[in-house]
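J.: below are the sequence and a predicted model for it; my questions follow.
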Amino acid sequence: MATGSNDMPDHRKRNTFTSYVAPMAGDVRATADTNEWCLPSDLRDVHLATPRMLSGEQIVASAPAYMYSPIAPMEGSGNSSNSSSSTSNNINSSIGNGNGNGNNSSSSSGGARYSRGGHKEATFGLLSVTNFKLAFVPLHGGQGAQSAPLASDLYQGNNFLGRNEVTLNNIDQIYTISEQGRAASALQAARMAGTSSRRKKLEPAKQHNLNGRIVALHIICKNFRLLKFAFQQQDSKLSGASDYGKLIASALARFAYPMRHDLSFAYSYQEPYYSTLVGVSMYASKNDWARELIRCGATEWQVVSASSVPLLQNRLHASKYTLPPHFVIPKCCEVDRFLQLSLAFCDSRAAFWVYSYGSSAASLVRLAELQPSSQQDTKLENIMLELVRKCDERKQLKLIQLTDQLPSTQDVQRAYHKLRRLCTPETPEKFMLQDDKYLALLEKTNWLLYVSLCLRQASEAAATLRASVTCVLQESNGRDLCCVISSLTQLLLDPHFRTIDGFQSLVQKEWVALEHPFQRRLGHVYVSNSEQAPDSEQSPIFLLYLDCVWQLLQQFPDEFEFSQTYLTTLWDACFMPIFDTFQFDSQAQRARAVSEGRLVLRPVWDWGEQFSEKDKMFFTNPLYQRQRGDLASSQNYRRSLAVGGQHKLLSTTGTGGPLATSSPSRYTINPQLFATQSTVPQDRYLQPSHRILDLSVWDQCYYRWLPVLDIRGGGQPQVDLFYRLMLSNIAKAQRCIDLQSFEDLPDAFYEAMGEQRPSPQSQRDQDQRQQEEPVEYVDGVERRRKPDPSAGGGGSTANGLNVVNGGPLQLSTLSSFFPFGSPIAGDAPHELYDILSGSTELLLDTSSILDKSSIV
């Protein structure tokens, strides 16, 4: 701030204002007379650092800004190997703590960093709001373009989003920080934001009430990411002045909280979609449900398509129902009678079959509660339960009231907010305060309590089915916690759903086809009802389910084909509007968007649309052990789909997306023509521990945006990587044995033998000597002659790590949040690619030596 007086000496009358934002090109203030600190000329071209745009994407607003890392690791530590979720004794400094010891550890690679004392506290660049995302492009010295990740970086990259970009769907809360005093700098605003009384939440219903100059923004995302941006205030007396903070905040208020779904970017992105999806059942046709009935041996149930029911084709009657396009009901009940009974239940959700288990084909059924007007008379509910009971061979039934046993959707929402506040501290001081009482604060969130309750109810439901008793899950609308418990129950019982394709089919069946209200629960559309809070219906039920699956993955690491990276990526994909899987409340909404909005449907399961082959390698679990019978059962199952010998069923994943199968298939499966025995294995069920003390915090998903908690060379990713290395070595050794050629033995073999890898010439000389010398046998075994250790070799080991090209392969530099932590660059990623590729091929080879029956 410029200060001065007529009595001041000349050397104190100079302008002492310090700018933290590069002036625009041609700005007269970019001179030494008006600004003491003039940025280099190559940094004044910040307006050239535009983000990469997609088809149909448009920039709404742009402004130069600084991006701050929420909590950075210790300065000068080199790594955070001693960091953990309780690291208060190890955290001595972090950015913005006012002592000048900050260290930036932003996920951005490179960038020009400036601060008052030359400290690396922020990354300077261009902040842009588009109709799709919020994008920050770091400005490199000497460059005015977007910084692209290095080809050698080992970090998950998305084809649609950069590292410093988030979709507008992902933005949950926006806080504005107004100016402090007459002229607060961007650095001061960032430091004081955590305790400032001028920190105000930007309400969607009051998006135009932006008073005062905004010097900083705090943006909290639904995937637990905290973004902090600061803007330099502009003097209003100067021509061309602009309040950059208000410019960005106004654009976010307008586009981040859409009031209608057709304002989503998905309607603007009209790129054609060509499906490469194979192996995932979309449950978008009658045949998909019929196949599942055959697989489970459920002979007492029938598939009903709404399009084939005359009553549902009458618009007057159809408006009374909110039914999915296809559903399975008791065969002993006529369709019209079933529809009449369903009107007494919330959302017309009468008893829907989802799964059967065991030789008696005990069924898992989802049922909503009675309408408020019908709750006094339970006669209709008893009739419906009796119809379900008739489908059970032993005429037994158990009703589990989930509403009484599990939290409500609002309870889950409150727990989610408390957990997110714990994972997104605004300042280092707040982080330290939370860290001192972390376990107490974690307990108060109730998040792990709700995870425990869900696992307990799923275990009870699974035990009921294993006892050959039909299990009916009942909750208010049958579309929220019913999805969680039903999906978990099938995961515990059926190994098919623990594969990647099977898990995706399970989500498609339980969540998408049976219409979990993703649009309302994930807040894709904000309701502008004055009597109702905009987020009153929001609740991350799907995240609660994914957390439960992650707990199972920790307890049974060899039973799941997918990794925790896959689960974390799946949660991120919920906020990618380009893909329709998690964007709608019902199939009717999806069909209307296609017909009226000309939406191009893209299932999120086609991961090749978003990620490269390298990134998809992270989705597989190296600890997974495929059973010997899995391949045969899978082939038999697929062969059973053939109808009429040469005719095969139509694909459910054509170029038109999942709805391409809504039209009737020429060949319709009749479950009565197939064997009635279930093909689900009966000896592969899981019995998880569901006590809170047996559960953990999903650190990769919740803490990955806090660099201070990164553990270099530790955590589950490091275990997975070394296991992949072991698999690669096993594959190499097996290949050498099969080909009887031992030149490509892995380095681990020579390390175990205490030998050095022979050079090609020495190997040939040794082979020649062995042919010339007589063979000596000891107890019938050929004696091997060890080579001279002093002889030159092509490779060795160092510190227990493989040596590649004369140097050690430093695997210990991985992030504990890999592949979401700080990117790994240098020579190591090239070798890591080989390990990932080799182990992935081995994992996908169903005839490999990893079969449990072949391991001693």
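T.: Sure thing, it's come through.
J.: use CA for all of it now, contacts and neighbours both
T.: Will do.
J.: for the nearest residue to Lys398 once chain neighbours are set aside, what are its contacts?
T.: The shortest distance from Lys398 to any non-neighbouring residue, by CA to CA, 6 or more residues apart in numbering, is to Cys471 (5.0 Å). Taking CA atoms under 8 Å, 6 or more residues apart in numbering, we find Cys471 in contact with Ala362, Ser363, Leu364, Val365, Leu397, Lys398, Leu399, Ile400, Ala461, Thr464, Leu465.
J.: out of the residues you listed, which end up buried?
T.: In the contacts of Cys471, burial by neighbour count holds for Ala362, Ser363, Leu364, Val365, Leu397, Lys398, Ile400, Ala461, Thr464, Leu465, counting by 16 or more other CA atoms under 10 Å.
J.: can I assume the last one sits in a helix?
T.: Just to be clear, that refers to Leu465. Yes. Under DSSP: H, G, I helix; E, B strand; the rest coil, Leu465 falls within a helix.
J.: so which of the buried ones among the contacts of Cys471 sit within helices?
T.: Among the buried ones among the contacts of Cys471, DSSP state H puts Ala461, Thr464, Leu465 in helices.
J.: please name the nearest non-neighbouring residue to the second one.
T.: Here the nearest residue to Thr464 in space, its sequence neighbours aside, is Cys471; by CA to CA, 6+ apart that works out to 6.5 Å.
J.: helix, strand or coil for the one you found?
T.: Quick answer, by three-state DSSP: Cys471 is strand.
J.: what's across from it in the sheet?
T.: Here Cys471 shows beta-bridge partners Leu364, Lys398, assigned using DSSP bridges.
J.: so what are the domain limits for the protein?
T.: 20-69+104-257, 286-407+446-606+653-706, 759-792 (automatic domain parsing).
J.: from one end of the second one to the other, what's the distance?
T.: The first and final residues of domain 286-407+446-606+653-706 sit 46 Å from each other (CA to CA, to the nearest Å).
J.: and the longest strand seen in the chain, which strands flank it?
T.: Longest strand of the chain, by residue count under DSSP state E: strand 59-68. Sheet partners assigned to strand 59-68 using DSSP bridges are listed as strand 123-130 (antiparallel), strand 226-230 (antiparallel).
J.: CA atoms only: put it into PDB for me.
T.: Written as PDB, here are the backbone C-alpha positions of strand 59-68 (Å, rounded to 0.1, in the frame of the first residue of the first chain):
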ATOM      1  CA  ILE A  59     -14.500 -20.000 -21.400                       C
ATOM      2  CA  VAL A  60     -16.800 -18.000 -19.200                       C
ATOM      3  CA  ALA A  61     -14.200 -16.000 -17.200                       C
ATOM      4  CA  SER A  62     -10.500 -15.900 -16.700                       C
ATOM      5  CA  ALA A  63      -8.200 -14.100 -14.300                       C
ATOM      6  CA  PRO A  64      -4.500 -14.200 -13.200                       C
ATOM      7  CA  ALA A  65      -4.300 -15.900  -9.800                       C
ATOM      8  CA  TYR A  66      -2.200 -17.700  -7.300                       C
ATOM      9  CA  MET A  67      -2.900 -21.400  -6.400                       C
ATOM     10  CA  TYR A  68      -1.900 -22.400  -2.900                       C
END
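J.: list the buried residues for that strand?
T.: So, applying 16+ other CA under 10 Å, buried residues of strand 59-68: Ile59, Val60, Ala61, Ser62, Ala63, Pro64, Ala65, Tyr66, Met67, Tyr68.
J.: I'd like the average pLDDT over that strand.
T.: Regarding strand 59-68, the rounded mean pLDDT is 92.
J.: when you give positions from now on, start the count at 27
T.: Taking 27 as the first residue, the last one we looked at is strand 85-94.
J.: Val620 and Gln613 touch, don't they?
T.: No. Contact criterion CA atoms under 8 Å: Val620 and Gln613 do not qualify, at 10.6 Å.
J.: name the residue in the two with the higher neighbour count.
T.: Set Val620 next to Gln613 and count neighbours by other CA atoms under 10 Å: Gln613 wins out with 19 against 16.
J.: with adjacent residues omitted, what lies nearest to that one?
T.: Sequence neighbours aside, Pro350 is the residue nearest to Gln613 in space, at 6.5 Å (criterion: CA to CA, 6+ apart).
J.: ok, that neighbour - contacts?
T.: With CA under 8 Å, 6+ apart, Pro350 has these contacts: Ala332, Ala539, Leu540, Glu541, Ser612, Gln613, Ala614.
J.: and these, which is closest to Leu243?
T.: Ser612 (35.1 Å; CA to CA).
J.: any weak-confidence spans in the stretch 77-226 of the chain?
T.: Scanning the stretch 77-226 of the chain for pLDDT under 70 picks out 98-147, 166-179, 206-223.
J.: I should have written the stretch 677-826 of the chain there, sorry.
T.: 677-693, 697-702, 786-826.
J.: tell me where it has strands.
T.: Counting by DSSP state E, counting those that start in this stretch, residue ranges of the strands within the stretch 677-826 of the chain are 783-784, 803-804, 807-808, 819-821, 823-824.
J.: repeat for the stretch 277-426 of the chain
T.: Under DSSP E, counting those that start in this stretch, the stretch 277-426 of the chain gives strands at 327-331, 352-356, 378-383, 388-394, 423-427.
J.: elements contacting the helix or strand following the last one?
T.: The reference is to strand 423-427. Per DSSP states H and E, the first helix or strand lying C-terminal to strand 423-427 is helix 428-431. Counting contacts by 3 or more CA pairs under 8 Å, 6 or more residues apart in numbering; DSSP states H and E, helix 428-431 is packed against strand 496-501.
J.: all set now, cheers.
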